[in-house]
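Asker: Predicted model, plus sequence, below.
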Amino acid sequence: MDRIRTLLAVLRHSLAVCLSIATAVCWADPPNSLWDSLPDTTLGAARVLGNEQLITRFREETKFGAVLFSSERTETLAEAIRTFLSQYAEDLNDKLDQYEIELTELPAIFAGESGVALLAADQSAPDSSCVAIWLNPGPEMSQRLWDALELWLDENADDESEIQVIEVEVGGARALNIQWPTYEYIFEDDDEEAQFELNYQNWLLVQQEGRLIAVTGNSACEPESVDDHTQWLSDILVDLLQPVATMSGRFAQMARIAGGESALGQDEDLFFEVAGDIGQLVEWSREFVPEEEIPEVNKALQLFDVDSIRSMVMRITLGEQIMRTFVTVDWPEPRSGIPKILGQNQAPIAPPAWIPASVVSYSQFNFDLANAYRTIHQEILAAFPEAAPGFQMAEDQTRAVTKHTIEEILASLGQTAYSIQLPLDLTNLDVELIDDESAVQEPTALVWQLKDEALWKDLMRILGGFAPMMNMEPTDEQGFTGFRLNNGLIQGGIVIGRGQLVFAVGEEMLETVLVKINNPPRGTAAFRNSELFEQAGRLTEFRPVTTIEVSDGNRVFKTARDALLMMSTQFAADEEVFDDSEDSEMSETFVDALITLLPDDDEVENILGVVVTELLVDERGLTLHSINELPPPE
């Protein structure tokens, strides 16, 4: 396993938390918010909202913030970034000084609302769509950025660069039309040299009331069509500059309604939002489907009931020592086609007695695989009858080998499965084998509550015929029978017993799970009586869901820290990695910075709390909800 895959294995939860918090900005909905002014043609948009007060609150009220934004770490990170950026300029600070901007001021660019939006265009427009980008850093910073841009253009826009800059007026505001050259190489004949065609990526930029807004087409335009393209962009920009009161605000209203239960609670601030008008996006996309492909495309859309999806919204909010992530899909019932399988067999979290309190994470899946297969089979054949031979072949082969149908096998699994992860022990890990796939195996187990154990015993006997070629050995232990896999790369096994199918990976993970099933822990040694589970219940109301996961964020973070520290230390000590080159010096600087940035043993203790993630399907659509506990400073 290479270093990237190894790192991902131990960062599964904490990386998302770290990145989200590290870039946190707060919803203060500035008076010049462009979000509420987005036109009705908006297909999708994203925004972040900056507020220094939230960062201060985050640093003072949570241990994670206090550690992450400590003065020592911010200075170390700034120096590492400065070193990295210096490879693009002989002296970065001197370069920025030319534009009267300091490196430490760059975060202020995103102090207000910043965003990007995709706007649809009809077939009569010069382009298929338009991208709008905006910043709202305030009057003083926006003017300095505008001055810096003009200075750069004065230095670089000349006959040699072929960059065209034209001053225009849009909606009463001074604007810049920047026509950026692009070259497409055309090969008309294999024996001839390539010819190049000059086109322009057309941009229109404006500064107004502390905002910087830019619009550009989806594709480059030919020189003879630049004027028409510019007028089209100008019309779009005029709409964006209109006061909120004069706009319908349909897109922003759609995002608020589609958000549903992701609406802000008391003492919660929004700092990141993505919204998509799925219904309009699908209709717009249809205009560009070749006529001969329309019937097949429509059948595929109908199969997945795409036309019933109205919108999608993602929000990340920060409250009193908690961070929430919501993803909601407005997909009301009745749903047709394959999506009819959604929402079946939902149930509240109910950890079995054998789950130990020592787990790093516990997941529960509630799903009827047999019913899902039956529905998918029926819906695909109804839409595409030509797929029948393929299904029949799979069915015949499965029955010939197992004496059972695919649906019977899936039904025998039951409708509930559990997954657990135990702590990853890095103390005895040989750093010399860090690239070996055996280096990091998260102790993980998946357990199905079987509905037909006898059927799976038959399948295990059939599997025995293939076991030698798969380096699997038969095992009969603790009342379970099956096969163990220990080929030097993966340790684990798959066994059946006591009405359960157990698949485990990791050193001694199979033995641990079987011991717990045969001798369930008592009292607080059981997960369902643990402080971790009780705290999860205090953070969110348990309800019937399709899936739910409860994790110990602090132990996940500590494992990630230990793995990063171990790999960084080894990397820094590897003499073959570093030489006298500039790139090597850059890498060494970042490795040293990473080691310095990692929290020490005291800082990492209780830096994060419980993480609960659940997927809910109801009559309104789908909701993915994740809540992360952020303990206070000690």
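Answerer: Now that the structure is in, tell me what you want to look at. Nothing here was measured: the structure is a model prediction, and the numbers come from that model.

Asker: Please, where are all the helices along the stretch 251-400 of the chain?
Answerer: For the stretch 251-400 of the chain, helices defined by DSSP state H, counting those that start in this stretch occupy the ranges 278-286, 294-303, 369-383, 388-402.

Asker: Pipe these into a markdown table and attach mean pLDDT per row.
Answerer: Formatted as a markdown table, the helices of the stretch 251-400 of the chain follow (pLDDT from 0 to 100):
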| stretch | mean pLDDT |
| --- | --- |
| helix 278-286 | 92 |
| helix 294-303 | 94 |
| helix 369-383 | 96 |
| helix 388-402 | 95 |
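
Asker: Out of the ones you listed, the one nearest S219 is which?
Answerer: For those, proximity to S219 was assessed by Cβ to Cβ; helix 278-286 is nearest, at 15.4 Å. Every C-beta, even on glycine, is put in place using the N, C-alpha and C of the backbone.

Asker: What helices and strands are in contact with the closest one?
Answerer: When contacts are defined as 3 or more Cβ pairs under 8 Å, 6 or more residues apart in numbering; DSSP states H and E, helix 278-286 packs onto strand 42-49, strand 113-120, helix 294-303, strand 311-318.

Asker: could I get the helices of the stretch 251-400 of the chain as TSV with distance to V604?
Answerer: Below are the helices of the stretch 251-400 of the chain laid out as TSV (distance: least, Cβ to Cβ, whole Å):
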stretch	distance to V604
helix 278-286	41
helix 294-303	49
helix 369-383	40
helix 388-402	49
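
Asker: can you tell me the helix or strand for I236?
Answerer: For I236, the host element (DSSP states H and E) is helix 226-240.

Asker: by contact count, what packs against that helix?
Answerer: strand 129-135, strand 164-170, strand 173-186, strand 195-208, strand 211-217.

Asker: For D452, find the nearest of those strands.
Answerer: Of the helices and strands packed on helix 226-240, nearest to D452 by Cβ to Cβ is strand 129-135, at 52.7 Å.

Asker: follow-up on the earlier one: now mean pLDDT too, for the helices and strands packed on helix 226-240, in a markdown table please.
Answerer: As requested, the helices and strands packed on helix 226-240 are exported to a markdown table (pLDDT from 0 to 100):
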| stretch | mean pLDDT |
| --- | --- |
| strand 129-135 | 94 |
| strand 164-170 | 90 |
| strand 173-186 | 84 |
| strand 195-208 | 87 |
| strand 211-217 | 94 |
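
Asker: Need the winner for burial among those strands.
Answerer: strand 211-217 (a mean of 22; mean count of other Cβ atoms under 10 Å).

Asker: D147: what's it in contact with?
Answerer: Y99, E100 (Cβ atoms under 8 Å, 6 or more residues apart in numbering).

Asker: Over to it. Which of the three states is it?
Answerer: Secondary structure state of D147, per DSSP: H, G, I helix; E, B strand; the rest coil, is helix.

Asker: any idea how far G112 is from it?
Answerer: Going from D147 to G112 by Cβ to Cβ, to the nearest Å gives 18 Å.

Asker: try V515
Answerer: In terms of Cβ to Cβ, V515 sits 57 Å off from G112.

Asker: again, but for T596
Answerer: Noted for T596: a distance of 32 Å to G112, by Cβ to Cβ.

Asker: between these two, who's got more neighbours?
Answerer: G112 (26 against 15; other Cβ atoms under 10 Å).

Asker: Which pLDDT value goes with the residue nearest to the more buried one when sequence neighbours are not counted?
Answerer: Nearest residue to G112, sequence neighbours excluded (Cβ to Cβ, 6 or more residues apart in numbering): N136, at 3.2 Å. Looking at N136, its pLDDT is 90.

Asker: residues touching N136, list them.
Answerer: Contacts of N136 (Cβ under 8 Å, 6+ apart): P30, N32, S33, L34, A111, G112, E113, S114, S142, G210, R211, L212.

Asker: between these, which has the most around it?
Answerer: Counting by other Cβ under 10 Å, top hit in the contacts of N136: G112 with 26 neighbours.

Asker: all helices for the stretch 401-550 of the chain, in order.
Answerer: 406-412, 453-464, 509-518, 531-539.

Asker: I'd like these written out as TSV, with mean neighbour count and mean pLDDT added.
Answerer: Output for these, formatted as TSV (neighbours: other Cβ atoms under 10 Å; pLDDT from 0 to 100):
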stretch	mean neighbour count	mean pLDDT
helix 406-412	18	96
helix 453-464	15	93
helix 509-518	20	95
helix 531-539	16	95
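
Asker: Distance check, the residue lying closest to I257 once chain neighbours are set aside against R310.
Answerer: The spatial neighbour of I257 that comes closest, neighbours along the chain excluded (Cβ to Cβ, 6+ apart), is D330 at 7.7 Å. With distances taken as Cβ to Cβ, D330 is found 4 Å from R310.

Asker: Could you tell me which residues touch both of the two?
Answerer: Here D330 and R310 have A258, I278 as joint contacts, going by Cβ under 8 Å, 6+ apart.

Asker: what stretches of this structure score poorly on pLDDT?
Answerer: 1-32, 51, 82-96, 103-104, 185-194, 244-248, 259-266, 426-440, 487-489, 568-594 (pLDDT under 70).

Asker: re the thing from before, how close does the residue nearest to G112 sit to L237?
Answerer: Distance of N136 to L237, computed by Cβ to Cβ: 16 Å.
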